[in-house]
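Return a 3D structure for these sequence lines:
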Amino acid sequence: MENLLNIFVKSIFIDNMIFAYFLGMCSYLAVSKTVKTSVGLGIAVVFVLTITVPVNFIIENYLLKEGALIWLGDRFADVNLSFLSFIMYIAVIASIVQLVEMIIEKFSSALYNSLGIFLPLIAVNCAILGGALFMREREYANITEATVFGFGSGIGWLLAIAGIAAIREKIRYSNVPAPLRGLGITFIITGLMGMAFMSFMGIKL
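Residues are numbered from 1 along each chain as shown. Sure, this is the predicted structure:
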């Protein structure tokens with residue numbers, strides 16, 4: 001249990017997809033103009049990461065990596081399909097994103113319209129693929145750890161985009177120097193938020 005909590009906290013604060021690895025910056029900057037839209041996209045990213053990371057964990061460990069097909073028989077013990085990893089990861093991500101897009105369109109057409117092109121672009125959001133690649137690199141012991149990592153990474157991305165959106169709504173009423181208005185001040189605030197999140201690196205559970 002302690003190990004799962006450690007993975008969850010680290011994926012949110014220490015290994016934050018935005019502030020530690022700068023993954024998913026395009027959606028982060030483009031959609032973070034209002035809190036409502038940002039939270040909607042953030043929840044969609046949480047859902048996609050929570051589903052795709054464990055699914056890709058199963059595919060990696062029971063189909064792709066060397067010896068994964070041993071359950072089919074001893075003659076498959078040396079089969080290595082790891083060269084298909086990227087294709088399979090992207091196929092899973094694209095399928096889940098399509099499902100999320102259909103759900104949002106059916107139950108919240110206003111959010112669907114406000115997200116626009118950035119909703120289907122979750123499929124090519126590097127934070128989503130990054131979650132699958134980090135899962136493989138860190139070699140989590142079981143599907144529970146992979147699921148906790150995916151969920152925590154999504155929550156971290158949600159906190160980042162909701163936080164910057166709230167700040168951007170407030171600074172509309174601030175006297176920001178003309179050359180820095182828009183993305184200029186957003187980059188500066190993102191850097192400051194990244195340094196703030198670095199303070200969590202001392203956490204030990």
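
Assign a three-state SS to residue 176, would you?
Of the three states, residue 176 takes coil under DSSP: H, G, I helix; E, B strand; the rest coil.

scratch that, residue 91
Following three-state DSSP, residue 91 is assigned to helix.

gap between it and residue 145?
Residue 91 sits 23 Å away from residue 145, taking Cβ to Cβ, to the nearest Å as the criterion. In this view, the C-beta of every residue, glycine as well, is placed from N, C-alpha and C.

More neighbours: the two, which one.
Per other Cβ atoms under 10 Å, whichever of residue 91 and residue 145 has more neighbours is residue 145, with 21 against 13.

ok, now which ones touch the more buried one?
3-4, 7 (Cβ atoms under 8 Å, 6 or more residues apart in numbering).

Pull up the per-residue confidence for it.
According to the prediction, residue 145 has pLDDT 94.

Now the element after the strand or helix carrying it, going C-ward?
If you go by DSSP states H and E, residue 145 is part of helix 143-171. On the C-terminal side of helix 143-171, the closest following helix or strand by DSSP H and E is helix 183-198.

So which other helices or strands are in contact with that next one?
helix 25-31, helix 143-171 (3 or more Cβ pairs under 8 Å, 6 or more residues apart in numbering; DSSP states H and E).

Where does pLDDT dip in the chain?
Flagging of the chain using pLDDT under 70 yields the residue ranges 203-205.

rewinding a little: how big is the angle separating the helix holding residue 145 from helix 183-198?
140 degrees (axes from the mean of the first three to the mean of the last three Cα atoms, to 10 degrees).

now helix 143-171, how far from the centre of its chain.
Here helix 143-171 is found 8 Å from its chain centre; the criterion is Cα atoms, centre = their mean, to the nearest Å.

thinking again about what came up before, single out the most deeply packed of the helices and strands packed on helix 183-198.
Highest mean neighbour count among those (mean count of other Cβ atoms under 10 Å): helix 143-171, with a mean of 21.
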